[in-house]
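In: With the sequence up front, the predicted model follows.
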Amino acid sequence: MTPLLQVENIAKFYGARIGCTDVSFDLYPGEVMGIVGESGSGKSTLLNTLAGHLTPDRGAVRFDTRADGLRDTVTMSEPERRMLSRTDWAFVHQHARDGLRMNVSAGGNVGERLMAVGARHYGDIRATATDWLGRVEINEDRIDDRPSAFSGGMQQRLQIARNLVTGPRLVFMDEPTGGLDVSVQARLLDLLRGLVREMGLSAIIVTHDLAVVRLLADRLMVMKDGHVVETGLTDQVLDDPQHGYTQLLVSSVLQV
Amino acid sequence: MIRVENVSKSFTLHNQGAAVIPVMRGGELTVARGECVALTGASGAGKSTLMRMIYGNYLTASGRIMVGDLDVARAAPREILDLRRNVLGYVSQFLRVVPRVATLDVVAEPLRAVGSSEADARARAGELLAQLNIPQRLWQLSPTTFSGGEQQRVNIARGFAHPYPVLLLDEPTASLDAINRATVLALIEEAKARGTAILGIFHDEAARDQICDREVDVTRFTPGLAA
């Protein structure tokens, strides 16, 4: 089986400081990988580098494109990369307002991504938008409201609908449940798990919440100071951590 | 179906003076198709550790753990995930689920993972829940609020939903009343008859004598305990 994403020896520096370095992994279709580490460990830098928001100083990020198979997204042209990020890729930001247009209606937010890939029929776009709002449990009668009138959890669900409506194959998520109430978090986790299974999505999830990765991720990567210190099956890394830092991380979780 | 050869395991506690605790040495066992083998030994001897190593939940330091054709001790995460989806089931003592997901869907999930339709998976899940005396009015609720015994039965239903060829059972009858205990034992007998290779930990001696063909005492593999 061809990996969906093949990351080879990625490094990103901010001047002399390390953002992240020596990162390599393969992600296969349907797999969810979690990246954990404390703030400043380089996990968001890595995610943004993979998603093409930052240009790496070294390394390759190969994606299995529908047309030509594995292509290095670092060296492909800007329009090609933008096309990928509109079609096969999706990016869910920690703060929904970074991923939404706050002054456009909820339906418009979802519809915009459809129009970006060529949809033009108003009725179809609205019907698809309505369907997706339903899937993320936003009531149909809120379709014409602006996201600024939504609660934080609803905004996050709207962001997910906007991202998934074009049927991407790879989703990047940066702390998707950060800053939400635990009850809203649980609902979002349930939603994400269902969507991952039904759509056969692959995902890379950055979070500092170990409980979230245990429930969502198949595999786990632990970062510290820009380096990957441990990788493996999620439950194996959490239950039998090998690296001192991972052991510290796991043993520091407060029990409820 | 399971062949464990000369495995060892130790824990290194980096944050506690880098203490190294050897927990297993020279571990050996086999479980054939249709056979039920019990792991025995005092608490702390390494029964659960060995079981977790076979499931890929704990890393194995050396030796081989063959489950079907895969060496779990050396397999890539992707291969272990595939093994767990199709071949290797595990009923642990604790239920770990996403809050808010209905019990029926929790039990149906392993079937959905191997491609069953939602209707088929739910039908089978309902059958098992009914068999294990979980009242139907609870099926749409999340099991997180259930009693310990109910949670364990949900866990068992989940473990038996997909007919895994290899099954690991960690105290499946621990907190069950006589009727439910009999049901669980019947499920295990049924799986055995189907050809499932079963490795279990049973503190319930009567249950062990009833369904297990052999016992393996893990004390033999415990460093510092073996004679």
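Out: That came in fine, so what should we check first?

In: Tell me how many other residues crowd the closest residue to chain B within the stretch 1-150 of chain A.
Out: When distances are taken as CB to the nearest CB, the stretch 1-150 of chain A reaches nearest to chain B at residue A:28, 5.7 Å away. Placement of C-beta: from N, CA and C, glycine included. By the criterion of other CB atoms under 10 Å in any protein chain shown, residue A:28 has 21 neighbours.

In: Now do the strands in the chain.
Out: Answering for chain A, as no chain was given. Along chain A, the stretches classed as strands by DSSP state E are A:5-14, A:17-27, A:32-36, A:58-65, A:69-72, A:89-92, A:170-174, A:202-206, A:219-224, A:227-233.

In: Let me rephrase: I mean chain B.
Out: Chain-ordered strands for chain B, with DSSP E as the definition, fall at B:2-13, B:19-31, B:36-40, B:62-67, B:70-71, B:88-91, B:166-170, B:197-201, B:214-217.

In: surely the residue of the stretch 1-150 of chain A closest to chain B meets residue A:1?
Out: Yes. Distance between residue A:28 and residue A:1: 6.1 Å, which falls inside the contact criterion (CB atoms under 8 Å).

In: interface residues of chain B facing chain A?
Out: Residues of chain B that fall close to chain A, judged by CB under 8 Å from any CB of the partner chain: B:11-15, B:52, B:56-59, B:77-78, B:80-81, B:96, B:98-101, B:112-113.

In: From those residues, list just the buried residues.
Out: Buried subset of the residues of chain B next to chain A (neighbour count, 16 or more other CB atoms under 10 Å in any protein chain shown): B:11, B:52, B:56-59, B:77-78, B:80-81, B:98-101, B:112-113.

In: Looking at the residues you listed, which are in helices?
Out: Secondary structure of these is defined by DSSP state H; positions in helices are B:52, B:77, B:78, B:80, B:81, B:112, B:113.

In: Can you pull the poorly scored residue ranges out of chain A?
Out: A:255-256 (pLDDT under 70).

In: tell me which parts of it are close to chain B?
Out: Of all the residues in chain A, those lying near chain B are A:28, A:31, A:186-187, A:189-190, A:193, A:197, A:214-215, A:218-219, A:232-233, A:235-236, A:239-240, A:242-244, A:247-248, A:251, going by CB under 8 Å from any CB.

In: Which ones among these lie within helices?
Out: Cross-referencing the residues of chain A next to chain B against helices under DSSP H gives A:186-187, A:189-190, A:193, A:197, A:214-215, A:235-236, A:239, A:244, A:247-248, A:251.

In: For residue 139, which non-adjacent residue is closest in space?
Out: Went with chain A since none was named. Setting aside the residues directly before and after it, residue A:139 is nearest to residue A:133 in space (CB to CB, 6 or more residues apart in numbering or on different chains), at 7.6 Å.

In: that's the wrong chain, I wanted chain B
Out: The shortest distance from residue B:139 to any residue other than its chain neighbours is 4.4 Å, reached at residue B:104 (CB to CB, 6+ apart).

In: what's the answer for residue A:177, then?
Out: Counting by CB to CB, 6+ apart, the nearest residue to residue A:177 once its immediate chain neighbours are dropped is residue A:185, at 4.4 Å.
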